[in-house]
Every structure is written in structure tokens, then in C-alpha cells.
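Asker: structure of the sequence below:
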Amino acid sequence: LSCRSLAIHRHTFGEKYLGGRLTRAEGSDLYDYEPEAGIFAAEVLAGLQQTVKTIAPKYFYDERGSQLFDAITQLPEYYPTRTELALFERYLPEVRQQLVAQPFCVVEYGSGSNKKIRRGLDVLQPAAYVPVDISRQYLLDNARQLKTDFPELAIYPVCADISASFTLPEEVQAMQKLGFFPGSSIGNFTPAEAIEFLQRLRDTLGHGAQVLIGVDAKKSVAVLEAAYNDAAGVTADFNLNALQHLNEQLQANFKLDQFAHEAHYNDDLGCIQMFLRSRIAQQVEIGGAVIEFAVGEAIHTEDSYKYHPDEFLHIAQQAGFTKTALWQDPDAWYSLFLMRA
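Answerer: A predicted model of the protein is given here:
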């Protein structure tokens, strides 16, 4: 969601983070780059009025979408999460050895579920943690849970679109930064967009900052496509939930049963592509406009690029990063990069 001006907006959610401690007597502060409703609608309509209709993958992530994605990560077909967690278990101590500056702050981009960061906080022991996510309520719920389990940790949740610029809380400005971007979410950007994203990340975190980033690797097409077409249909529900999100936020009238989930690997681009294909000819009203769908016409909802390590390293270098370390699982299905700005 596109951000407003870089002024920080604050929302009360029942508890206050103050000096690294949780005080329940006052309302809590959320650093919130809240989107204008008009900007939200204009962006969605612009995508749906293209020759190939498009919805950005960030629209998956309302509260239910975040919950569905968490369910996806636990599916037997979905290898990235368990593979990445195994890499964390083995190599986080080595990451800790590389972080010589104290105090330091972990800034997690697209924080979502707190499953991965818990292990990171245990091992890395930062002075502060800044989770950044577009799903406000999911962000706040997870921040509360973490504060209960890490009471001495300063936590500053930021509700923002990670694909746009935002400013970190003043409380962590002077700290050394470790950017944390797990889950192969970098693959949702095209290679050119990934360079731009990493450049913004570098500018936000500052010179000398490090980033720990998970990158899904190229592998068997059968393995890749199974991960996005699970037998239980959870990924299909996740994909369709983007339309429900638009219904709720923009008073659209998408009928979810009139669209079908589709995902396949595009070998030329090196990415999984997801679509929602219209089962019938239909009209959808959204933001005061009428969008026409022909039978079989699709909405492109996500790309998920896969990279050999040298391919991703080339992207990172163009964005101003150098490799500190690279770890892979025994099958080379997944890469974990530690890089320095």
C-alpha cells in the first residue's frame, strides 16, 4: 500500500512500548504509514485496467491472508519454510559472530508470523526489534506475543508497505542495523524491482548495515509447482483472499467462486506465476469503475522468482551490497545470504 508523506501516524492498541518495556496503563504507539483510501483504489484500478490484469501480491496480506500464509508454510508441499528454518538453526551462531557492533537492531521486512524471528532473537540477542508489515492487526498481535516472551527487548512495530520508502523509529536511528528478510519474499519482485528494493533497504538501514536474506533456488519444476498447488487448497484460498480483501476495503463485488486459482512455472523468466482465472464472462464493480472479464481471462497476482546463488549475488551487488557469507541446504534448494551495505 502506497504510503502517505513520511510523517509518522500513531494508533492506540492498548499497550505501550516505552524504553524497551511494556506498560499496560497507557495506549501503545504503532509507527503507521497508513495509505490514503484514494491511493489504494487508484493503484488497484490501474492494475486491473491493464491489458494483462494485475493485482500486486501485497494485497494478499490482510489479517486473514497473513493467517492463510502461515498455514501454507506448514504444508508438506511447501519446502521453503522448513528448509530455511533448518538453515537458521545451523548457521545463526555464525551470523552472530559477524555482528560485532553493539547495540544493534534487527529490522524485519514483511514480518508476518513470528516463528522465524523467535529463533533469531534467541541467538542474536539484539537491543531492539522493528517488525515491518502491511497487515496492521497481524503485526500488532505478533508484537504483543513477542513482548510477552522477550520482556527486555525494545519492540517498535511499523505498519508500512515494504516496497515503498519509510523511516525507522527515532529510538533505533543510532543503532547498527541488521535487516532480516526471510521467506524468499525477494522473489516477489522482478529482478529490476529487487535491485530497487535492496537500494531502498540499504538507504533505510544505512552504510555498513548487514542484511540476512532468504532466497529460493531453481530446482525441479514438479517440486516448485507442487509448492504453489497444494492438495489441501490452502494456496488457492490465499490467492482468492486477495479479492475478498478488495471487496472489504474498496466495496468491490468480486464473487470468489467465479474465479479459479492457477500457478505454474515460467521457465523463460525463472519464476512461479500465480493467477486468478475468470470462470465466466462477468463484470466487477470496484472503486466506482466497472471491470469487464472475458471467459478465461486472468488476473496476474504474483511472481516468485527463483535464483541460482550467482544470479542473486549479481542483483545484490548492483544494489550496493557485498557478500559476507552464503549458506545452502544439502540439496541446494534454498540459499541464505548475509550481506553488507
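Asker: which other residues reach the longest helix along the chain?
Answerer: Longest helix of the chain, by residue count under DSSP state H: helix 79-98. With CB atoms under 8 Å, 6 or more residues apart in numbering as the test, helix 79-98 has contacts from 73-74, 115-116, 119-120, 123-125, 182-184, 210, 212, 214, 216, 223, 227, 324-325, 327-329, 333-334, 336, 338. The way it works is simple: take the backbone N, C-alpha and C, and place the C-beta from them, glycine included.
Asker: give me the buried subset of those residues.
Answerer: 73, 116, 120, 124-125, 182-184, 210, 212, 214, 216, 227, 328-329, 333-334, 336, 338 (16 or more other CB atoms under 10 Å).
Asker: sort out for me which of those residues are in strands.
Answerer: Among the buried ones among the contacts of helix 79-98, DSSP state E puts 210, 212, 214, 216, 328, 334, 336, 338 in strands.
Asker: tell me which of the residues you listed is nearest to residue 261?
Answerer: Taking CB to CB as the measure, residue 261 lies nearest residue 216 of those, at 19.7 Å.
Asker: any idea where the helices of this protein begin and end?
Answerer: Using DSSP H, helices in the chain cover 37-48, 63-72, 79-98, 115-124, 136-149, 191-205, 221-227, 234-250, 309-318.
Asker: go through these and name the closest to residue 280.
Answerer: Of the helices of the chain, nearest to residue 280 by CB to CB is helix 234-250, at 14.6 Å.
Asker: what's the offset of the closest one from the middle of its chain?
Answerer: Relative to the centre of its chain, helix 234-250 is centred 16 Å away, using CA atoms, centre = their mean, to the nearest Å.
Asker: tell me what that helix is packed against?
Answerer: Under the contact definition 3 or more CB pairs under 8 Å, 6 or more residues apart in numbering; DSSP states H and E, helix 234-250 sits against helix 37-48, helix 63-72, strand 259-266, strand 271-278, strand 298-305.
Asker: will you turn those into a markdown table that also has distance to residue 104, mean neighbour count and mean pLDDT?
Answerer: Formatted as a markdown table, those follow (distance: least, CB to CB, whole Å; neighbours: other CB atoms under 10 Å; pLDDT from 0 to 100):
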| stretch | distance to residue 104 | mean neighbour count | mean pLDDT |
| --- | --- | --- | --- |
| helix 37-48 | 34 | 16 | 84 |
| helix 63-72 | 27 | 19 | 91 |
| strand 259-266 | 38 | 18 | 98 |
| strand 271-278 | 33 | 21 | 98 |
| strand 298-305 | 30 | 22 | 97 |
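Asker: widest-spaced pair of the ones in strands among the buried ones among the contacts of helix 79-98?
Answerer: So, those by CB to CB: farthest apart are 210 and 216, at 20.8 Å.
Asker: coming back round to it: relative to residue 167, which of the helices of the chain is closest?
Answerer: Among the helices of the chain, helix 191-205 sits nearest to residue 167 (CB to CB), with 7.7 Å.
Asker: and the angle for that closest one with strand 210-216?
Answerer: 160 degrees (axes from the mean of the first three to the mean of the last three CA atoms, to 10 degrees).
Asker: can you offset everything so residue one is 190?
Answerer: Okay, using 190 as the starting number, the last item reads as helix 380-394.
Asker: surely residue 324 meets residue 250?
Answerer: Yes: taking contacts as CB atoms under 8 Å, residue 324 lies within contact range of residue 250: 4.6 Å.
Asker: overlap in contacts, those two.
Answerer: Joint contacts of residue 324 and residue 250 (CB under 8 Å, 6+ apart) are residue 301.
Asker: now stretch 358-365 - C-alpha only, CSV.
Answerer: Taking C-alpha atoms only, stretch 358-365 is exported to CSV below (Å, rounded to 0.1, in the frame of the first residue of the first chain):
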residue,chain,number,x,y,z
PRO,A,358,11.7,4.9,14.6
GLU,A,359,13.9,7.5,16.1
GLU,A,360,14.7,5.2,19.0
VAL,A,361,16.8,2.9,16.7
GLN,A,362,18.3,5.5,14.4
ALA,A,363,21.8,5.5,16.2
MET,A,364,22.0,1.7,16.4
GLN,A,365,23.8,-0.6,13.9
